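Novice: fold the following and give me the result.
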Amino acid sequence: MKKIMLAFLVLLNTTSFAQKIKPVLPVPTKEHLAWHEKEFYLFIHFGPNTFTDKEWGDGKEDPTVFAPTQLDCNQWVRVAKLAGAKGIILTAKHHDGFSLWPSKYSTHTVRESKWLEGKGDVVRMLSDACKKGGLEMGVYISPWDRNHPDYGTPKYNDIYIATMKELLTGYGKFFELWWDGANGEGPNGKKQEYTFRRFEDSAFAYQPHLMIFSDIGPSIRWCGNERGIIGNTNWNLLDTAGFYRGHGGPPEDTLNQGNVNGKLWIPAEADVSIRPGWFYHAKEDNKVKSASTLFNLFLKSVGNGGNLLLNVPPDRRGLFHEADSASLVGFAALREKAFKTNLLAGLKPVVKTTNGLPTLTYTFSKPTKLNAVVLQELIEHGQRVKSFTIEAKEESAFGKTNTYFKIFDGTTIGRKKIATFNPITTTSIKITITDAKAEVLLKPSAAHDFGFEVKN
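Specialist: Take a look at the predicted model:
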């Protein structure tokens, strides 16, 4: 029989509690659990494209075009922290093959630029700034390289592993390695046959706790779009057998929703840029996403059980532009305002079961306005909830009634579900689990009055 166990009632003895629970496989690793808790971090696209006004370089650009005048990674970290981001992932090498560190395996690097007389190292600067500022760091290393002469030959796979080794052994601990699915022609017109299993084994050998992103993991999956949106249904589970990175990946709707009975724990990360493009373009200075737009993207990514990777491209100075910084600070202020007060704090729900499925009823001491409910599963024991509803007791002009009406229809919960709806004033809400794989394990619920409208 399906039942519910509330974390605040049973976690008095976490060891004995965990031993009594039969997990619903697969379950996340400790590295997964740490990743889930990050929720929101920044992506940084920076390189020759910043100065050539392109999105995809061709690998033929003169390295001297890379010429930031005021590059300050400490500024990136300061703004990231003000935004509430938990880390930064840097495009250390994009498709053009230009390396933001002086790689021994390329002649298309910061070493060949005139920036700092060829002695600069953006990866080192950001690594030092993140350590100083208390943020975690990750790296994007494009397997596609439009500059390297050995791209398209078996030798390039060894070179790619060597470049990973430079980064993963020379700059400290990274929390994530990001693999793009792009795989195009090289300078010799040949396509590369990647040995991704060797890439994975090598990366984990250099940093065993690393989380590796691609459209099929092995640690984290693409959410199927670059709009930063994960749907209402989001299983942290995925089947990857028979699929390949890039054009051979699972369908985009599968990437977005996951597989209800997937064999592997591969959660979704939602990537999106604060601007229309991924690299900085001055013509987009007036097209930076607003703080409210970023907040709504947060609700559609973190609020649907995934993580949000927000790209903020430095300008030609090597700084976050003022417009981007202002939007990020405003985004943090909206999150602080929205989630500051938990209206369910101190309230104990009445729990009843019908056909083995639980309903939690919270009763307020007075009519209370709210427009969001936050639910969380204890995902360390597996993801279980398949559907739920939220109802509220109606307050009318004629006084209190005993009539409940539905305010939200939900499917999965996972690590976090932020259920939003039009503002209501109520004396009671009911959360009903309508379908689940097994006994339901929830953390304490929360309810909020954001104080502003959201787009549902």
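Novice: which stretches of the stretch 151-300 of the chain form helices?
Specialist: 154-170, 196-206, 252-257, 291-301 (DSSP state H, counting those that start in this stretch).
Novice: mean neighbour count, these: which tops it?
Specialist: Highest mean neighbour count among these (mean count of other Cβ atoms under 10 Å): helix 291-301, with a mean of 21. For every residue, glycine as well, the C-beta is placed using N, CA and C.
Novice: which other helices and strands does that one contact?
Specialist: strand 268-273, strand 307-311, helix 322-339 (3 or more Cβ pairs under 8 Å, 6 or more residues apart in numbering; DSSP states H and E).
Novice: out of those, which is closest to E391?
Specialist: helix 322-339 (22.1 Å; Cβ to Cβ).
Novice: quick check: buried residues in that closest one?
Specialist: 323-325, 327-328, 330-332, 334-335, 338 (16 or more other Cβ atoms under 10 Å).
Novice: which secondary structure element of this protein has the lowest mean pLDDT?
Specialist: helix 7-10 (a mean of 42; mean pLDDT, DSSP states H and E).
Novice: the residue nearest the centre of the chain bridge partners, please.
Specialist: Nearest to the mean C-alpha position of the chain, by Cα atoms, centre = their mean, lies N307 at 2.6 Å. Assessed by DSSP bridges, N307 has beta-bridge partners E269.
Novice: right, and D58 touches G97 too?
Specialist: No. D58 is beyond contact range of G97, at 9.7 Å (criterion: Cβ atoms under 8 Å).
Novice: which residues do those two both contact?
Specialist: R146 (Cβ atoms under 8 Å, 6 or more residues apart in numbering).
Novice: who's more crowded, the two?
Specialist: G97 (28 against 14; other Cβ atoms under 10 Å).
Novice: quick one: contacts for that one?
Specialist: 59, 106, 108, 142, 145-148, 151.
Novice: tell me where the model's unsure across the stretch 201-350 of the chain.
Specialist: Residue ranges of the stretch 201-350 of the chain with pLDDT under 70: none are present.
Novice: please redo it, this time with the cut-off set to 90
Specialist: 244, 246-248 (pLDDT under 90).
Novice: could you pull out the strands for the stretch 351-456 of the chain?
Specialist: Using DSSP state E, counting those that start in this stretch, the strands of the stretch 351-456 of the chain run over residues 357-375, 385-396, 399-410, 417-436, 440-442, 446-448.
Novice: out of these, which is closest to S214?
Specialist: Between those, strand 417-436 lies closest to S214; by Cβ to Cβ that is 25.6 Å.
Novice: how much does that closest one deviate in direction from strand 357-375?
Specialist: Here strand 417-436 runs at an angle of 170 degrees relative to strand 357-375 (axes from the mean of the first three to the mean of the last three Cα atoms, to 10 degrees).
Novice: what mean pLDDT does strand 417-436 get?
Specialist: Mean pLDDT, computed over strand 417-436, is 97.
Novice: tell me the angle it makes with strand 385-396.
Specialist: Using the same axes, to 10 degrees: strand 417-436 against strand 385-396 is 110 degrees.
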